[in-house]
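1. Using only what follows, build the 3D model:
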Amino acid sequence: MGKWKFDDNSALVDAAIERAIRAGLEEAGGEFAAQAKRNSRVDTGDTKASIDHKLDGRSVLVGSNAENAIWEEFGTGIHAEKGDGRKTPWVYKDRKGKFHRTSGKRGTRALSKAMRSKAATAKRLIEAKLGAIK
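-> Residues are numbered from 1 along each chain as shown. Below you'll find the predicted structure:
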């Protein structure tokens, strides 16, 4: 009877799968962030410029660290999502020192819309990376 030799390549396969998943998530995160930027309203451009993505294990986080980002996403005042915003108008001073009266602004839902519109693209990107494993 012939001798059998068994080569355990499971660690190499696992590493290739992890690399493919991370590469797919990185591309998907870039797609999500780019779409969110396209969805964003631009006044100064600070919030739009702050939208980015980063990998976190087998997840990709997409968002912004700009203070204004949450208000852009969910709205303020009478336009706040779930109706929990301020009900009375207020005055604020812009960067140029000009005063404005407002009742709030509608949220753009830029991040949420980006996630919904790019979900299928993200799936295809990750599947393509996994399918390319040799």
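2. just checking, residue 103 touches residue 75?
-> No. Residue 103 is beyond contact range of residue 75, at 10.9 Å (criterion: Cβ atoms under 8 Å). Just so you know, the C-beta spots here come from the backbone N, C-alpha and C atoms, and that holds for glycine as well.
3. which one of the two has more residues nearby?
-> For residue 103 versus residue 75, the count of surrounding residues by other Cβ atoms under 10 Å is larger for residue 75: 20 against 14.
4. Is the more buried one in contact with residue 83, as I believe?
-> No. Residue 75 is beyond contact range of residue 83, at 10.0 Å (criterion: Cβ under 8 Å).
5. Spell out, range by range, the helices that occur in this structure.
-> 10-39, 46-50, 69-74, 110-131 (DSSP state H).
6. Which one of those helices lies nearest to residue 96?
-> The closest of the helices of the chain to residue 96 is helix 46-50. By Cβ to Cβ, the value is 14.5 Å.
7. Distance from the chain centre to the closest one, please.
-> Centroid displacement of helix 46-50 relative to its chain, using Cα atoms, centre = their mean, to the nearest Å, is 13 Å.
8. go on, stretch 52-70?
-> 6 Å.
9. I would like the residues contacting it, please.
-> 21-22, 25-26, 28-30, 32-33, 36, 46-47, 50-51, 111, 114-115 (Cβ atoms under 8 Å, 6 or more residues apart in numbering).
10. Send me that stretch as PDB with only the CA atoms.
-> The C-alpha coordinates for stretch 52-70 follow below in PDB (Å, rounded to 0.1, in the frame of the first residue of the first chain):
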ATOM      1  CA  ASP A  52     -14.200  58.700   6.400                       C
ATOM      2  CA  HIS A  53     -14.100  55.000   7.000                       C
ATOM      3  CA  LYS A  54     -11.900  52.500   9.000                       C
ATOM      4  CA  LEU A  55     -11.700  48.800   9.500                       C
ATOM      5  CA  ASP A  56     -12.600  47.400  12.900                       C
ATOM      6  CA  GLY A  57     -12.100  43.600  12.800                       C
ATOM      7  CA  ARG A  58     -14.600  42.200  10.300                       C
ATOM      8  CA  SER A  59     -16.600  45.500  10.200                       C
ATOM      9  CA  VAL A  60     -16.100  48.800   8.500                       C
ATOM     10  CA  LEU A  61     -17.000  51.900  10.400                       C
ATOM     11  CA  VAL A  62     -18.200  54.900   8.300                       C
ATOM     12  CA  GLY A  63     -18.900  58.300   9.800                       C
ATOM     13  CA  SER A  64     -17.600  61.700  10.800                       C
ATOM     14  CA  ASN A  65     -16.000  63.100  13.900                       C
ATOM     15  CA  ALA A  66     -17.300  66.600  13.000                       C
ATOM     16  CA  GLU A  67     -19.700  68.100  15.700                       C
ATOM     17  CA  ASN A  68     -22.100  69.100  13.000                       C
ATOM     18  CA  ALA A  69     -22.400  65.600  11.500                       C
ATOM     19  CA  ILE A  70     -25.100  64.300  13.800                       C
END
